[in-house]
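>>> quick one, what's the 3D model for this:
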Amino acid sequence: MALINDTTLRDGEQAPYVAFNTKEKLAIATALYECGSDELEIGIPAMGEREREDIKELLALGLDIRMMSWNRAKMSDLEASLSCGVKSVDLSIPVSDILIDLKFGGNKSYMLKELERVITEAKQEGLFVCIGGEDSSRGSLEFIKEVMTLGRELGAQRFRYCDTVGILTPSVTYQNIKHLTSLNLLDIEMHTHNDFGLANANALSGLDAGAVSVNTTVIGLGERAGNASFEQLSMALKHLYGQSRQVDSLKIKNLVSLVASAAGVSLSPSAPIVGEHIFSHESGIHADGMMKNSHAYEPFDAQEVGCVREFPIGKHSGTGTILYHLKQFGINADKASLQNLLPSIREIVTSRKKVLNDNELVSLYMESLCL
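Alright, predicted model coming up:
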């Protein structure tokens, strides 16, 4: 089964204008655990004492889950992580020429020696080690192979393939990850960004090619356009990949609301999985189908994610929807007679850009009887 390593508390918080306080971090970590995240990336110890104190409090929650810190492949960063008591670390190095030039003056040998030194120390301390390949999607597969070979020799367990600027497509992702997994060097973790709206697709494509885990953030929160979404990938793995992931409707709704509130962002009403409008059926054909069979136009039940199915009275509503709402008031109207109401409903909704509520519909219906 694929692992979800959620990084809301690290990469999610790196979204511009976002900062979580300690209380929020503890609540988010607990909620992620309850919602089935397999691992958590909980911060960057090298940021300073306050961040380290938060990481210690997160570890003190005692959640039965791997908690990982993010580090540059520098001894000082590792020492900061060790001071927090973490047992798992991501050690990040750039693997594309553009970032190696920027951060190491193009000196790959020096960078790899630093990586070797830090991994050796981490393994001596008994840590789980993931090598974070920053900008993997713009790096050469041959150099990534070299990094993974070194990591395997030193006892690292995982390589994080990072699409740092979100330029992958699903087909390229599959080709690259299939090549890397065929080497049988290190387990692959997908870290995908959403600059072209492909983070989820690329993460799943990586799993299809043999990756064992994916990074996510709740509501896709993260730098620029964000990351792969925790709630979307969780539901995709459950429903599309047949994994036995438990999704508690109240807990997933609480998690999404918690992160959105802490981040100060508003959710789109059409957001996949949790948008408040995605279980609303206005089209007459769709509404009629849903009233007859709850699976007609939905891939999963609204209740599974704490949402409610609705049939708004709008421009595209049909007589079935009108009859459905009138019945709530004990009115059993003839469908044929309701055809005369539809033009008026469409005119009202179009002019004011707002659907009718039940009371308005009843009033309109009663007025039509007097004509």
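>>> how much space separates residue 332 from residue 319?
13 Å (Cβ to Cβ, to the nearest Å). The way it works is simple: take the backbone N, C-alpha and C, and place the C-beta from them, glycine included.
>>> neighbour count winner among the two?
Set residue 332 next to residue 319 and count neighbours by other Cβ atoms under 10 Å: residue 319 wins out with 19 against 7.
>>> for residue 129, what are phi and psi?
Taking degrees, to the nearest 10, you get phi -120, psi 120 for the backbone angles of residue 129.
>>> what sits closest to it if chain neighbours are left out?
residue 156 (4.2 Å; Cβ to Cβ, 6 or more residues apart in numbering).
>>> for that neighbour, pull up the helix or strand it's in.
Mapping residue 156 onto the secondary structure by DSSP states H and E places it in no helix or strand at all.
>>> what sits against it?
The contact partners of residue 156, taken as Cβ atoms under 8 Å, 6 or more residues apart in numbering, are 91, 119, 123, 129-131, 186.
>>> try 7 Å
By Cβ atoms under 7 Å, 6 or more residues apart in numbering, the contact set of residue 156 is 119, 129, 131, 186.
>>> can you pick the most crowded of those residues?
Busiest of these [other Cβ under 10 Å] is residue 131, holding 28 neighbours.
>>> ranges for the strands of the protein?
For the chain, the strands defined by DSSP state E cover 3-6, 39-41, 66-72, 88-94, 128-134, 158-163, 187-192, 213-216.
>>> deepest-packed of the ones you listed, please.
strand 213-216 (a mean of 28; mean count of other Cβ atoms under 10 Å).
>>> need the CA coordinates for stretch 198-217. PDB is fine.
What follows is stretch 198-217, C-alpha atoms only, in PDB (Å, rounded to 0.1, in the frame of the first residue of the first chain):
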ATOM      1  CA  LEU A 198      -0.700  18.300 -12.400                       C
ATOM      2  CA  ALA A 199       0.600  17.600  -8.800                       C
ATOM      3  CA  ASN A 200      -2.000  14.900  -8.000                       C
ATOM      4  CA  ALA A 201      -1.700  13.300 -11.500                       C
ATOM      5  CA  ASN A 202       2.100  13.200 -11.300                       C
ATOM      6  CA  ALA A 203       2.100  11.800  -7.800                       C
ATOM      7  CA  LEU A 204      -0.200   9.000  -8.800                       C
ATOM      8  CA  SER A 205       1.800   8.400 -12.000                       C
ATOM      9  CA  GLY A 206       4.900   8.000  -9.800                       C
ATOM     10  CA  LEU A 207       3.100   5.400  -7.700                       C
ATOM     11  CA  ASP A 208       2.100   3.600 -10.900                       C
ATOM     12  CA  ALA A 209       5.700   3.400 -11.800                       C
ATOM     13  CA  GLY A 210       6.800   1.900  -8.500                       C
ATOM     14  CA  ALA A 211       7.300   4.800  -6.100                       C
ATOM     15  CA  VAL A 212       6.300   3.800  -2.500                       C
ATOM     16  CA  SER A 213       5.200   7.100  -1.000                       C
ATOM     17  CA  VAL A 214       3.900  10.500  -1.900                       C
ATOM     18  CA  ASN A 215       4.200  13.900  -0.200                       C
ATOM     19  CA  THR A 216       0.900  15.800   0.300                       C
ATOM     20  CA  THR A 217      -0.400  18.900   2.000                       C
END
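>>> residue numbering should commence at 653 henceforth.
Understood, numbering begins at 653; the last thing we discussed is stretch 850-869.
>>> who touches that stretch?
In contact with stretch 850-869 (Cβ under 7 Å, 6+ apart) are residues 654-660, 663-664, 813, 815, 818, 820-822, 825-826, 829-830, 833, 839-845, 872, 878-882, 884-885, 888.
>>> just checking, residue 963 touches residue 941?
No. Residue 963 lies out of contact with residue 941 (Cβ atoms under 7 Å); the separation is 11.3 Å.
>>> out of these two, which sits in the busier spot?
Set residue 963 next to residue 941 and count neighbours by other Cβ under 10 Å: residue 963 wins out with 22 against 17.
>>> which helix runs longest in the chain?
Ranked by number of residues, the top helix in the chain under DSSP state H is helix 760-776.
>>> mind giving me the packing neighbours of it?
Where contact means 3 or more Cβ pairs under 7 Å, 6 or more residues apart in numbering; DSSP states H and E, helix 760-776 is packed against helix 727-736, strand 740-746, helix 749-756, strand 780-786, helix 793-806.
>>> so which residue is smack in the middle of the chain?
residue 881 (1.2 Å; Cα atoms, centre = their mean).
>>> list the buried residues in the longest helix of the chain.
760, 763-764, 766-767, 770-771, 774 (16 or more other Cβ atoms under 10 Å).
>>> same check on stretch 952-965?
Using 16+ other Cβ under 10 Å as the burial criterion, the residues of stretch 952-965 that qualify are 954, 956-959, 963-965.
>>> CA-only coordinates of it in PDB, if you can.
Once non-C-alpha atoms are left out, stretch 952-965 reads as follows in PDB (Å, rounded to 0.1, in the frame of the first residue of the first chain):
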ATOM      1  CA  PHE A 952     -18.700   8.600  -3.900                       C
ATOM      2  CA  ASP A 953     -21.300   9.500  -1.400                       C
ATOM      3  CA  ALA A 954     -21.300  13.100   0.000                       C
ATOM      4  CA  GLN A 955     -21.600  11.700   3.600                       C
ATOM      5  CA  GLU A 956     -18.200  10.000   3.200                       C
ATOM      6  CA  VAL A 957     -16.500  13.400   3.500                       C
ATOM      7  CA  GLY A 958     -19.000  15.100   5.700                       C
ATOM      8  CA  CYS A 959     -20.900  17.000   2.900                       C
ATOM      9  CA  VAL A 960     -24.600  17.200   2.100                       C
ATOM     10  CA  ARG A 961     -26.300  16.500  -1.300                       C
ATOM     11  CA  GLU A 962     -28.400  19.400  -2.500                       C
ATOM     12  CA  PHE A 963     -30.700  20.100  -5.400                       C
ATOM     13  CA  PRO A 964     -30.600  23.900  -5.900                       C
ATOM     14  CA  ILE A 965     -33.500  25.600  -7.700                       C
END
